[in-house]
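*Asks:* Next comes the sequence, and after it the predicted model I'd like to discuss.
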Amino acid sequence: MNIKNFAKKVLNPRSSGIISAQTDNFLRRLKPRRFVKDYITGVYDNNVRPNVSDNTVTLSVLTDTHAKAVASASYYGINGIRHIIEANSAGDDLNIDLNVHLGDLIDGSDKPEISRGLLRFAVENYQKSTKPFYIAEGNHDENDKYDEHRFVSSASFNRDDYDSLVTKYNFEQSEISRLNAVSKVGWYDKGDVRLIFLDTSDIPYILNNGSKKYDFKKVRGVREQQLEDLVTVLEDTVDKHVVVFGHANIISPSGRSALNFNGDLIQQIFVSFNNKNRGQIKNELTGDFGVNLRYDFSSTGISKVSNYICGHMHYEKYYKVSGINHIILNCSALMGKKHGLTTDYNKKWDRRYNEISELAGYFINIDPDKLRLQIFGYGAATRYVSFEI
């Protein structure tokens, strides 16, 4: 059976016989397409390499791959996994410091055993790469879309499924640090650059009669413990150029919270850090998302948070609030223009399977000497944009 027919048989969402072993068998047959790997390598060689030096940090970045057990040639499907395989395969031969995925590895609409298999396979691919990696959690990664569509009475993912399949492997790498075994804040250092990774799906797993109190797909937020850990990491960040990453945008261009809970508090922490302030941060909430913290950023030297980079919105956008650039990257998943959920941004790209427009990915370079952050896009992405750090 050829790979196309095998995909149609195994990745049929209407089939009651689909099992994780079949899916895993299919995934392991996937290989990077030569024209894609050559294209990504060419983007690096022609656009990135001439504009970076050894004293910089260079990342290969994907976001919102929305992998799904469907052999789709026009929308979300197994192509999301293939994009990961191809980006990592190309990056193995390039001067990349870190592979980054900004969340929504999966669409979260498959049966739980299939979604777990997709997460497991994606992480294994990052582990097999020659580069260290960081995978941020997205709002689709807890499989709540499956629960919504089937109106099930119990959560399809257990409390620790995502952490045991993905998060723990971030922190098994010596290059990635965190404060303790349960902290949701990670960081990576190279020279004068510090990258900090946040979890914008920091939602408590609480069951009411078997169903989740909070739908992880619909609710985005950060809780007090993560904010306290962020403060601690920043208080110990001295003379660093800081760039922060997460899945979802934390504030709107007007400065209002873009998360359901506490996105504006993250921005307040960044601004206070840049101003070397001491003080207190709190909100008017109680319970799951109440916050009341103190901070002291007076001894951080010339450190500054310059940019926050995320995905989630399935388009590109850049805006500055209180001196901090907020950068939204396009989704790496295929979004054909005839699908109802395809954003106008992606409709304009007219993205098509087996063409360059199927892809969307980025090389991000942070240069502490030139005080510059450069983004080199490929596929359905802006080719070049730069920001101050």
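*Replies:* Received, thanks.

*Asks:* alpha carbons only for contacts and neighbour counts from here, please
*Replies:* OK.

*Asks:* What is the neighbour count of residue 355?
*Replies:* When neighbours are counted by other CA atoms under 10 Å, residue 355 registers 11.

*Asks:* show me the residues around it that make contact.
*Replies:* Contacts of residue 355 were listed using CA atoms under 8 Å, 6 or more residues apart in numbering, and none were found.

*Asks:* Return the per-residue confidence for it.
*Replies:* pLDDT, residue 355: 98.

*Asks:* The one 3 residues further on now?
*Replies:* At residue 358 the predicted local confidence, pLDDT, stands at 98.

*Asks:* Wait, it touches residue 334, no?
*Replies:* Yes. Counting by CA atoms under 8 Å, residue 334 is a contact partner of residue 358 at 5.3 Å.

*Asks:* which of the two has more neighbours?
*Replies:* Using other CA under 10 Å as the criterion, residue 358 and residue 334 rank with residue 334 on top: 31 against 25.

*Asks:* isn't residue 184 right next to residue 201, touching?
*Replies:* No. The criterion here is CA under 8 Å, and residue 184 misses it with residue 201 at 9.9 Å.

*Asks:* If you count surrounding residues, which of these two has more?
*Replies:* The neighbour count for residue 184 versus residue 201, taken as other CA under 10 Å, is higher for residue 201 (28 against 23).

*Asks:* ok, that one to residue 219 distance?
*Replies:* 7 Å (CA to CA, to the nearest Å).

*Asks:* Could I get the phi/psi values of the spatially most central residue of the chain?
*Replies:* Per CA atoms, centre = their mean, the C-alpha nearest to the average position across the chain is that of residue 102, at 0.8 Å. Main-chain torsions, residue 102, degrees, to the nearest 10: phi -90, psi 20.

*Asks:* Please apply the same query to residue 385.
*Replies:* phi -150, psi 150.

*Asks:* again, but for residue 128
*Replies:* Taking degrees, to the nearest 10 as the convention, residue 128 sits at phi -80, psi -20.

*Asks:* Show the model's pLDDT score for it.
*Replies:* 97.

*Asks:* Over to residue 28?
*Replies:* Per the predicted model, pLDDT is 87 at residue 28.

*Asks:* For it, the count of nearby residues, please.
*Replies:* 10.

*Asks:* Likewise for the one 4 residues further on?
*Replies:* Other residues near residue 32 number 17, with proximity taken as other CA under 10 Å.

*Asks:* same thing with the one 10 residues further on?
*Replies:* Around residue 42 there are 14 other residues, counting by other CA under 10 Å.

*Asks:* again with residue 325
*Replies:* Residue 325, neighbours per other CA under 10 Å, totals 19.

*Asks:* which residues does it bridge with?
*Replies:* Judged by DSSP bridges, the bridge partners of residue 325 are residue 307, residue 320.

*Asks:* what's the spacing between it and residue 252?
*Replies:* Taken as CA to CA, the span from residue 325 to residue 252 is 11 Å.

*Asks:* likewise residue 21?
*Replies:* In terms of CA to CA, residue 21 sits 43 Å off from residue 252.

*Asks:* the more surrounded of those two?
*Replies:* Neighbours of residue 21 and residue 252, each counted by other CA under 10 Å, are more numerous for residue 252; the result is 16 against 13.

*Asks:* and the more buried one, what does it touch?
*Replies:* residue 258.

*Asks:* Quick check: phi and psi at it.
*Replies:* According to degrees, to the nearest 10, residue 252 has phi -90, psi 170.

*Asks:* Please shift the residue numbers so they start at 37 in all later answers.
*Replies:* Sure thing, new numbering starts at 37, so read that last one as residue 288.

*Asks:* end-to-end on stretch 390-410?
*Replies:* Per CA to CA, the first residue of stretch 390-410 is 28 Å away from its last.

*Asks:* Can you give me the buried ones in it?
*Replies:* Neighbour-count burial for stretch 390-410 flags 392-404, 408-410 (criterion: 16 or more other CA atoms under 10 Å).

*Asks:* Closest one to residue 83 out of those, please.
*Replies:* Residue 83 has its nearest neighbour among the buried residues of stretch 390-410 in residue 399, at 9.7 Å by CA to CA.

*Asks:* quick one: contacts for that closest one?
*Replies:* 80, 84, 94, 95, 96, 97, 411, 412, 413.

*Asks:* Out of these, name the ones that lie in strands.
*Replies:* Using DSSP state E, the subset of those located in strands is 94, 95, 96, 97, 411, 412, 413.

*Asks:* so how far is stretch 131-148 from its chain's centroid?
*Replies:* The chain centre lies 6 Å from the centre of stretch 131-148; the measure is CA atoms, centre = their mean, to the nearest Å.

*Asks:* Straight-line length of that stretch, end to end?
*Replies:* Using CA to CA, one end of stretch 131-148 lies 37 Å from the other.

*Asks:* Residues contacting stretch 171-186, please?
*Replies:* 100, 102, 136-148, 151, 189-193, 198, 202-203, 206, 233-237, 251-256, 282-284, 348.

*Asks:* Drop the exposed ones from these and show what's left.
*Replies:* 100, 102, 136-148, 151, 191-193, 198, 202-203, 206, 233-237, 251-253, 256, 282-284, 348.
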